[in-house]
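model the structure of this input:
(one chain, ligands or ions: 1)
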Amino acid sequence: MDSATTLALALEDGFEAHALTVRYGQRHGIEVERAQELAVALGARSHRVVDVDLRAFGGSALTDDRVPVPAARARDERHGIPATYVPARNTLLLALALAWAETLGARELHLGANAVDYSGYPDCRPEFLEAFERVANLGTRAGRFHVRAPLMCLSKADIVREAVRLGVDLGRTVSCYDPGPTGAGCGMCEACALRAEGFREAGLPDPAG
Ligand code: ZN
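Residues are numbered from 1 along each chain as shown. Just a heads-up that it's a prediction; the model follows:
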């Protein structure tokens with residue numbers, strides 16, 4: 001939902017968008033298929049899927065079958081970094097996006113990171129993204145990159161409203177950390193809980209069911 005909305009915002013702002021999805025060994029391979037579908041539907045100029053298998057390291061409920069996906073916590077209990085944190089995931093995703101952007105001659109990296117209703121992931125903090133922008137500008141031939149996270153300060157309800165305004169087909173988005181083969185959410189994990197809260201607060205039904 002966040003990635004699709006970020007893409008729709010970039011397109012609304014007039015950017016020619018090249019969408020990157022990383023198959024990093026996540027349990028939820030369905031999100032890769034849906035990302036492809038949504039990128040085409042929204043009008044990305046191109047879409048690439050890159051494989052970097054983080055199951056080689058494990059260390060997360062999303063990349064290691066021996067680590068169960070934890071059940072959602074109540075809103076006031078959401079502190080500490082949960083087992084669904086994937087070590088250095090956004091550093092890796094941004095590094096890949098940066099490599100592709102430099103190749104394309106693009107200067108803008110947009111990602112759906114969000115610091116409001118997120119689960120405490122350190123690589124969703126604004127300070128991290130500012131630091132990565134410095135890395136991008138020090139570590140490339142091209143330089144002059146901007147890292148943008150337009151959803152950073154939005155609540156999940158705000159993101160639902162933006163997605164609806166932009167015509168994102170939310171019924172095709174997948175949020176669950178451990179969805180079924182058709183993309184249906186488990187209804188138990190933190191991602192499902194945050195999504196349900198977002199739709200409830202926005203006063204809208206979730207078209208994904
Ligand atoms: Zn779930």
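
without its sequence neighbours, what residue ends up closest to residue 70?
In this structure, residue 70 finds its nearest non-sequential neighbour in residue 83, 5.3 Å apart by Cβ to Cβ, 6 or more residues apart in numbering. For glycine as for every other residue, the C-beta is placed from the backbone atoms N, C-alpha and C.

isn't that neighbour right up against residue 64?
No. Residue 83 is beyond contact range of residue 64, at 9.2 Å (criterion: Cβ atoms under 8 Å).

is the residue nearest to residue 70 in a helix, a strand, or coil?
Put simply, residue 83 is coil when judged by DSSP: H, G, I helix; E, B strand; the rest coil.

quick one: residue 141 and residue 102 touch, right?
Yes. Using Cβ under 8 Å, residue 141 is in contact with residue 102, at 7.0 Å.

the more surrounded of those two?
Comparing residue 141 with residue 102 by other Cβ atoms under 10 Å, the one with more neighbours is residue 102, at 17 against 5.

enumerate every residue touching the more buried one.
Residues in contact with residue 102, defined by Cβ atoms under 8 Å, 6 or more residues apart in numbering, are 140-142.

which of those lies closest to the ion?
Comparing the contacts of residue 102 against the ion with Cβ to the ion places residue 140 closest, at 37.0 Å.

now do that closest one, the pLDDT please.
Note for residue 140: predicted pLDDT of 97.

in space, what's closest to it - neighbours in sequence excluded?
Excluding the flanking residues, the one nearest residue 140 by Cβ to Cβ, 6+ apart is residue 102, at 5.1 Å.

hang on, that neighbour in a helix?
Yes. With three-state DSSP as the criterion, residue 102 is located in a helix.

number of nearby residues for the residue nearest to residue 70?
By other Cβ under 10 Å, the residues close to residue 83 number 16.

please apply the same query to residue 64.
Residue 64 - counted by other Cβ under 10 Å - has 17 other residues nearby.

go ahead and confirm it touches residue 58.
Yes. Using Cβ under 8 Å, residue 64 is in contact with residue 58, at 3.6 Å.
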